[in-house]
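Enquirer: build the 3D model from these lines:
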Amino acid sequence: MKIAIASGKGGTGKTTLSVNLATALAHEGSVGLLDCDVEEPNCHLYLKPPFDATEPVGTLIPVIDEDACTGCGLCARACEFHALLALPGPPLLLPELCHACGVCAYVCPEEAITENERQIGVVGSGLVNGIYFRWGRLNIGEARSTPVIQAVKDLDTAPPLDTVIIDAPPGVACPAVETMRGADFAVLVTEPTPFGLHDLVPAVQTARQMSIPCGVVVNRADIGDDRVDEYCAAEDVPVLLRIPDDRRIAEACSRGEIFAANDPSFASMLQTFASDLRARIHQRVTL
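Expert: Here you go, the predicted structure:
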């Protein structure tokens, strides 16, 4: 099963849940953990892998033959992302805005545009404490993270995995949507506060628009109020797990430690949570 662990806002604890869940399941079968928050990856701070992200990730950008270009401006007018600016003579390319769609080369009447690869990030992968871990890092200054996210999700070279846990970037913009795409279930981590509820609503709406079944994990469940529960009940969104506001968990996180690795009761709770997810996914598949 592929589980995307997402949230409408940052700081809810989705990375904490991701690394602890992967650790709790590592002894039950083959588990993969994909850190798709490539703009601010942090799963590696907990797992401490013996490798870095060094595998290059590139995207295609147009290369304009200035001798063949007549300056007609068709390519700039056809570019939906405004990555080409029509000027007297050859157009000006803004590579950070290019989406590698190839339309500019297609419409060029002089065939003056070819494509070349430009590196925008790196990916690393390997085994850490029984977990197949894969993570990426977007280069500073790059505007598009989705190609790096796609590279992190590429499991062609990975061993067979029973469970894949995908740590998504916060929010519901393109990076989160790309991360959730293809998941069997979306686990939406929130907290019982007005801010938590405010950002949970668009996360639920996004999962539904993508036809991905979703459920909620309430982190720091002992604080705040019951408005998240009221919303979930009204929208028929299951509350799958409540993680207490436990100082021991917070202290472990502050030290860069994985609480489930040292607390059997917490690991057991997460294993039960995973079993519930498998049952829900299986029920949906067999309907």
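Enquirer: would you mind putting the CA coordinates of the lengthiest helix in the chain into PDB?
Expert: When the chain is scanned for its longest helix (criterion: DSSP state H), the result is helix 264-286. This file holds the C-alpha atoms of helix 264-286, laid out as PDB (Å, rounded to 0.1, in the frame of the first residue of the first chain):
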ATOM      1  CA  PRO A 264       7.100  -0.400  22.300                       C
ATOM      2  CA  SER A 265       3.600   0.900  23.300                       C
ATOM      3  CA  PHE A 266       3.800   3.800  20.800                       C
ATOM      4  CA  ALA A 267       5.200   1.500  18.100                       C
ATOM      5  CA  SER A 268       2.300  -0.900  18.800                       C
ATOM      6  CA  MET A 269      -0.200   1.900  18.400                       C
ATOM      7  CA  LEU A 270       1.200   2.800  15.100                       C
ATOM      8  CA  GLN A 271       1.200  -0.800  13.900                       C
ATOM      9  CA  THR A 272      -2.500  -1.000  14.800                       C
ATOM     10  CA  PHE A 273      -3.000   2.200  12.900                       C
ATOM     11  CA  ALA A 274      -1.300   0.700   9.800                       C
ATOM     12  CA  SER A 275      -3.500  -2.400  10.000                       C
ATOM     13  CA  ASP A 276      -6.600  -0.200  10.000                       C
ATOM     14  CA  LEU A 277      -5.300   1.600   6.900                       C
ATOM     15  CA  ARG A 278      -4.700  -1.700   5.100                       C
ATOM     16  CA  ALA A 279      -8.200  -2.900   6.000                       C
ATOM     17  CA  ARG A 280      -9.700   0.400   4.600                       C
ATOM     18  CA  ILE A 281      -7.700   0.200   1.400                       C
ATOM     19  CA  HIS A 282      -8.600  -3.500   0.900                       C
ATOM     20  CA  GLN A 283     -12.300  -2.800   1.500                       C
ATOM     21  CA  ARG A 284     -12.200   0.000  -1.100                       C
ATOM     22  CA  VAL A 285     -10.400  -2.200  -3.600                       C
ATOM     23  CA  THR A 286     -12.900  -5.000  -3.200                       C
END
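Enquirer: what's next to it, contact-wise?
Expert: If you take C-beta atoms under 8 Å, 6 or more residues apart in numbering as the criterion, helix 264-286 is touched by 1, 3, 20-21, 23-25, 28, 163, 184-185, 187, 213, 215, 217, 238, 240-241, 249, 259-261. All C-beta atoms are positioned from the backbone trio N, CA, C, and that covers glycine.
Enquirer: in helices, which of the residues you listed appear?
Expert: 20-21, 23-25, 249.
Enquirer: determine which two of those are furthest apart.
Expert: By the measure C-beta to C-beta, Leu25 and Ile249 form the most distant pair in the ones in helices among the contacts of helix 264-286, at 17.8 Å.
Enquirer: tell me which of those two has more neighbours.
Expert: Leu25 (24 against 21; other C-beta atoms under 10 Å).
Enquirer: partners of Ile113 in the sheet?
Expert: Ile64 (DSSP bridges).
Enquirer: that one and Cys75 touch, don't they?
Expert: Yes - applying C-beta atoms under 8 Å as the test, Ile113 and Cys75 come out as touching, 6.4 Å apart.
Enquirer: so what sits against both of those two?
Expert: Residues touching both Ile113 and Cys75 (C-beta under 8 Å, 6+ apart) are 62, 104-105.
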